[in-house]
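Asker: any chance you could fold what I've pasted below:
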Amino acid sequence: MSTSTLPNLLAALAIPQDFSRFDKLTDEQILAQLIRWKNGVSTSLTSLRDLLATRDGIQSLPVDEQADIAASVAAFDGPGEWIADDASSLALSILDPITEPQIPPLVLTRILAHHLKPVFAANPHPRLNLQTGRKLPRPADVQDAYEGQVWKTRIGTGNVLGWCLRNIEASTYESVWHLILPPVMTYLDDFEAPYKLRGVQLASDLLSRVPPELLKRTGVDGLLFTSLSGTFNHLRDPFTPDLIRAAVPTTLRLIDLTSPPSPAPPPPASGFPSEGHAIVKSGSSRANPATRYEHLSTLLGSCLIGTVFLYAYADPEAILAATDMLPLVLTHTGIGAARWLKALIPQLTHALLPPDVPSPIQPLNVDLRLKVSSLRALCTCIETCAPRMYLWKYNIIDAIGRAWACATDIENEGHTQLADETGASSLALEYKTLLQMTCVKLAEACPSIIQEEYQQLITFDSALFNGLLEGVLQPRQTNNP
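Answerer: Residues are numbered from 1 along each chain as shown. A predicted model of the protein is given here:
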């Protein structure tokens, strides 16, 4: 494409640097200029799409022009203050021809080598060999990795990198590993929460396609786990809840990739002595169950319980985010989570109790959302650690009974209206349903409480607790008239 139209269109898509501090700008003139540029992006993308249509699409151009276009347009595929409502769909319509099924390796390599690598060259990651993408045995003796940070002035770089990660072929990772990993780790290990959050999202994109053997062979599995674990230390930040909700599933995906759960051993065949051991062929690799459990324990015990619950107690949104993630972690950990019951049960049951003094920093809708989230996590905890529930049944029954007694007050205080305003169908109704479900789960784990503790509740106040225990008592009454 020899005309000057393409360079002019790509220049019009260059994102102004002021968008890097958009949320901190107070100059109305600069803000007006940025908004005006943002509103004009759709016109530029439309013109570029129409121009490419006259030239048989982007895939018909030389590799260097395909890379230049992709690096400019992919910046509008993802989050960002510079992206107008229809910019993402226009960007994808331009890029789709070279992402079916994956980005051509030559185009991908040129984007990474000529558009992304130079941006991060001034801030090499101290734990990576930049030539191979392997983890260094000890941190490199480099200048402050946070000094300058030229890459932060190149707006949209994270979106370009994310687009590459989401569309790369698994077999191509080996050849471009040294180009992909440094920018991902630079984002992930940044000291500012917004960039760290983007790094977690990029790590999630990477883990969706990367071969697990490559992670382990280069030592990056441990490096990623350490960096993801460090995201939970960013407390008392507006981005903390988002970081928690992004980091937990990404960390679990990393654990599943590098140390998948061991399959259950097959039943012994007849005619052979049953020793309960599976035969492992020489040369086969098997995940170490101890490593998996160690990583899950770190995520549950150190990151969520020992960091978020312990130090972010004054941030209700952070506590809510961590509680929302508990069922996922508990399901992965299984009965191994029993070692943390001394911390989990008090944490989850305390959230159900009405405070002695209403908190001025915790809105009513956040309080109810936390109660619902705590009950979901408590139900999962009872299921996964059922053999240990007999030790905690009194704590749980006490909290559930008190919470049920206050459930009517919750409805009368207008929580249902607040829940409807936030998009929930009826959060208050779900709260009462979860209280009933918790009693059912606890009865399944500890059947004796049906005739003992639950009957004591009915004897104490049948009018109050009949509704709470109807899911447990009514089936038995039906079977035993």
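
Asker: which parts of the host helix or strand of residue 321 are buried?
Answerer: Per DSSP states H and E: residue 321 is located in helix 316-333. Residues 316-327, 329-330, 332-333 are the ones in helix 316-333 that count as buried (16 or more other CB atoms under 10 Å). All C-beta spots, glycine's among them, are computed from the backbone N, C-alpha and C.

Asker: so where's the stretch 251-400 of the chain uncertain?
Answerer: Low-confidence segments of the stretch 251-400 of the chain (pLDDT under 70): 264-287, 356-364.

Asker: please name the residues that touch the closest residue to residue 309 other than its chain neighbours.
Answerer: Leaving aside its chain neighbours, residue 309 sits nearest to residue 347 (5.6 Å; criterion: CB to CB, 6 or more residues apart in numbering). By CB atoms under 8 Å, 6 or more residues apart in numbering, the contact set of residue 347 is 305, 309, 374.

Asker: now with 10 Å?
Answerer: If you count contacts by CB atoms under 10 Å, 6 or more residues apart in numbering, residue 347 has them with 304-305, 309-310, 313, 319, 322-323, 326, 340, 374, 377-378.

Asker: on that earlier part again, could you list every helix and strand that the helix holding residue 321 packs against?
Answerer: When contacts are defined as 3 or more CB pairs under 10 Å, 6 or more residues apart in numbering; DSSP states H and E, helix 316-333 sits against helix 240-258, helix 289-297, helix 341-350, helix 364-384.

Asker: could the ones you listed be laid out in JSON lines, adding distance to residue 400?
Answerer: Output for the helices and strands packed on helix 316-333, formatted as JSON lines (distance: least, CB to CB, whole Å):
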{"stretch": "helix 240-258", "distance to residue 400": "26"}
{"stretch": "helix 289-297", "distance to residue 400": "28"}
{"stretch": "helix 341-350", "distance to residue 400": "8"}
{"stretch": "helix 364-384", "distance to residue 400": "9"}
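
Asker: tell me what angle the helix holding residue 321 forms with helix 341-350.
Answerer: Put simply, helix 316-333 runs at 130 degrees to helix 341-350, going by axes from the mean of the first three to the mean of the last three CA atoms, to 10 degrees.

Asker: alpha carbons of helix 316-333, as CSV, please.
Answerer: C-alpha atoms of helix 316-333 as CSV (Å, rounded to 0.1, in the frame of the first residue of the first chain):
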residue,chain,number,x,y,z
PRO,A,316,-15.7,-4.1,53.5
GLU,A,317,-15.3,-4.4,49.7
ALA,A,318,-12.0,-6.2,50.0
ILE,A,319,-13.4,-8.6,52.6
LEU,A,320,-16.4,-9.2,50.3
ALA,A,321,-14.1,-9.9,47.3
ALA,A,322,-12.0,-12.4,49.4
THR,A,323,-15.2,-14.1,50.7
ASP,A,324,-16.6,-14.3,47.2
MET,A,325,-13.5,-16.2,46.1
LEU,A,326,-13.4,-18.6,49.0
PRO,A,327,-15.8,-21.3,47.5
LEU,A,328,-13.5,-21.6,44.5
VAL,A,329,-10.4,-22.0,46.6
LEU,A,330,-12.1,-24.4,49.1
THR,A,331,-13.3,-26.6,46.2
HIS,A,332,-9.8,-26.9,44.9
THR,A,333,-8.3,-27.5,48.3
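
Asker: for the stretch 151-300 of the chain, which segments are assigned as helices?
Answerer: Counting by DSSP state H, counting those that start in this stretch, one finds helices in the stretch 151-300 of the chain at the ranges 157-167, 173-188, 193-207, 212-217, 220-230, 240-258, 289-297.

Asker: worst average pLDDT in these?
Answerer: Ranked by mean pLDDT, the helices of the stretch 151-300 of the chain bottom out at helix 289-297, which scores a mean of 91.

Asker: quick check: angle from that one to helix 316-333?
Answerer: Going by the same axes, to 10 degrees, helix 289-297 makes 160 degrees with helix 316-333.

Asker: name the residues that touch helix 289-297?
Answerer: 221-222, 225, 229, 251-252, 254-256, 258-262, 288, 303, 329-330, 332-334, 336-337, 339-340.

Asker: how about that helix: buried residues?
Answerer: Buried residues in helix 289-297, defined by neighbour count with 16+ other CB under 10 Å: 292-293, 295-297.

Asker: I'd like the residues you listed written out as JSON lines, with distance to residue 78 added.
Answerer: Compiled in JSON lines, these are given as follows (distance: CB to CB, whole Å):
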{"residue": "292", "distance to residue 78": "32"}
{"residue": "293", "distance to residue 78": "35"}
{"residue": "295", "distance to residue 78": "29"}
{"residue": "296", "distance to residue 78": "30"}
{"residue": "297", "distance to residue 78": "34"}
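
Asker: tell me the one of the residues you listed nearest residue 159?
Answerer: Each of the buried residues of helix 289-297 was scored against residue 159 by CB to CB, and residue 295 proved nearest at 29.8 Å.

Asker: if I look at the closest one, how far off is residue 208?
Answerer: With distances taken as CB to CB, to the nearest Å, residue 295 is found 19 Å from residue 208.

Asker: try residue 62
Answerer: 30 Å.

Asker: check residue 406 too.
Answerer: Distance from residue 406 to residue 208, by CB to CB: 43 Å.

Asker: go on, residue 244?
Answerer: 20 Å.

Asker: again, but for residue 442
Answerer: Separation of residue 442 from residue 208 (CB to CB): 38 Å.

Asker: with residue 132 instead?
Answerer: Distance from residue 132 to residue 208, counting by CB to CB: 23 Å.

Asker: what about residue 54, neighbour count?
Answerer: 8 (other CB atoms under 10 Å).

Asker: which residues does the most centrally placed residue in the chain contact?
Answerer: Centroid-nearest residue in the chain, with CA atoms, centre = their mean: residue 246, separated by 2.2 Å. Residues in contact with residue 246 (CB under 10 Å, 6+ apart) are 196-201, 203-204, 228, 231, 239, 321, 325.

Asker: and the longest helix for the protein?
Answerer: helix 28-54 (DSSP state H).

Asker: nearest to residue 102, of the buried residues of helix 316-333?
Answerer: So of the buried residues of helix 316-333, ranked by how close each gets to residue 102 (CB to CB), first place is residue 332, at 30.0 Å.
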